[in-house]
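Asker: kindly return the folded structure for what I paste below:
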Amino acid sequence: MTTHDIPAQTKTAKEPAPFRLTREHVHKVAELSWSKDNSQALEWYAPEYRAHLPGRPVMKGGQEFLDTLNMVRAAKPDLEVEWHDILIEGNRAVLRLTFRGHQWGPLFGIPPTGRLLKIDEIIVETYDDQGRMVEFRQEGDYAGMLMQMGIVPPPGTGPLGTLAHSIRTAVRLSWLDRKHRKAQQPR
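Answerer: Sure thing, here's the model as predicted:
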């Protein structure tokens, strides 16, 4: 057999390496998502993306989720995120984070309190084989955050103390809401 008898090998396009989830990828998607112009993050959310946040309807699509992050960032413009852990198995990441920031704007219907809010969260993110997020599940100490906002009475408050706290809170929130609305009116 001569070299002329061997069929010429055809060139094949080198296939890209399969997606492998890394800490760097998780950080990149988070940084883009929390940035002021988070429209660049949308490409990293799959069309079938779903976000599950406690006490809220399931969010469908990356844009709805990014709009919620914009609302949170507007309410807490000095928001800082402290990363504690990122655990990765396959295309799933589990994050343990702490979010800190003063509430200077409305947050999920609660008028600005000006208080420093700190919330610890566990987040589970699932990615597809192209590196796009398909699911986001969040659990956090929201009762603690409501206590920091002054909405929920501190632990150990008795029935009369709870009633007094509720009345004070309703009056305070009404006043804060009027103050915020007045500040938003054009002069």
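
Asker: ok, the residue positioned nearest the centre of the chain - contacts?
Answerer: By C-alpha atoms, centre = their mean, the chain has its centre lying nearest to L69, at 5.9 Å. Neighbour list for L69: S33, W34, N38 [criterion: C-beta atoms under 8 Å, 6 or more residues apart in numbering]. C-beta here means a position set from N, CA and C on the backbone, and glycine is covered the same way.

Asker: what is the burial count for K28?
Answerer: By other C-beta atoms under 10 Å, the residues close to K28 number 14.

Asker: what does the one 3 residues further on give?
Answerer: A count of neighbours around E31, defined by other C-beta under 10 Å, yields 13.

Asker: return the helix or strand in the protein with minimum mean pLDDT.
Answerer: Ranked by mean pLDDT, DSSP states H and E, the helix or strand of the chain with the weakest confidence is helix 159-184, at a mean of 83.

Asker: adding distance to Y49, secondary structure and neighbour count, write the contacts of L69 out as JSON lines.
Answerer: JSON lines is the format used below for the contacts of L69 (distance: C-beta to C-beta, whole Å; DSSP: H, G, I helix; E, B strand; the rest coil; neighbours: other C-beta atoms under 10 Å):
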{"residue": "S33", "distance to Y49": "12", "secondary structure": "helix", "neighbour count": "20"}
{"residue": "W34", "distance to Y49": "16", "secondary structure": "helix", "neighbour count": "16"}
{"residue": "N38", "distance to Y49": "14", "secondary structure": "helix", "neighbour count": "19"}
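
Asker: out of the residues you listed, who's nearest Y127?
Answerer: Using C-beta to C-beta, S33 comes nearest to Y127 of those, at 13.3 Å.

Asker: how close does the closest residue to that closest one other than its chain neighbours get to G161?
Answerer: In this structure, S33 finds its nearest non-sequential neighbour in A41, 4.3 Å apart by C-beta to C-beta, 6 or more residues apart in numbering. Distance from A41 to G161, counting by C-beta to C-beta, to the nearest Å: 44 Å.

Asker: show me where the protein has its helices.
Answerer: With helices called from DSSP state H, the chain shows them at 23-34, 62-75, 142-149, 159-184.

Asker: and the least confident helix or strand of the chain, how far out from the chain's middle?
Answerer: 27 Å (C-alpha atoms, centre = their mean, to the nearest Å).

Asker: mind listing what's buried in that helix?
Answerer: Within helix 159-184, the residues scored as buried using 16 or more other C-beta atoms under 10 Å are H165, L173, L176.

Asker: likewise for stretch 122-137?
Answerer: Neighbour-count burial for stretch 122-137 [16+ other C-beta under 10 Å]: I123, E125, T126, Y127, G131, R132, M133, V134, E135, F136.
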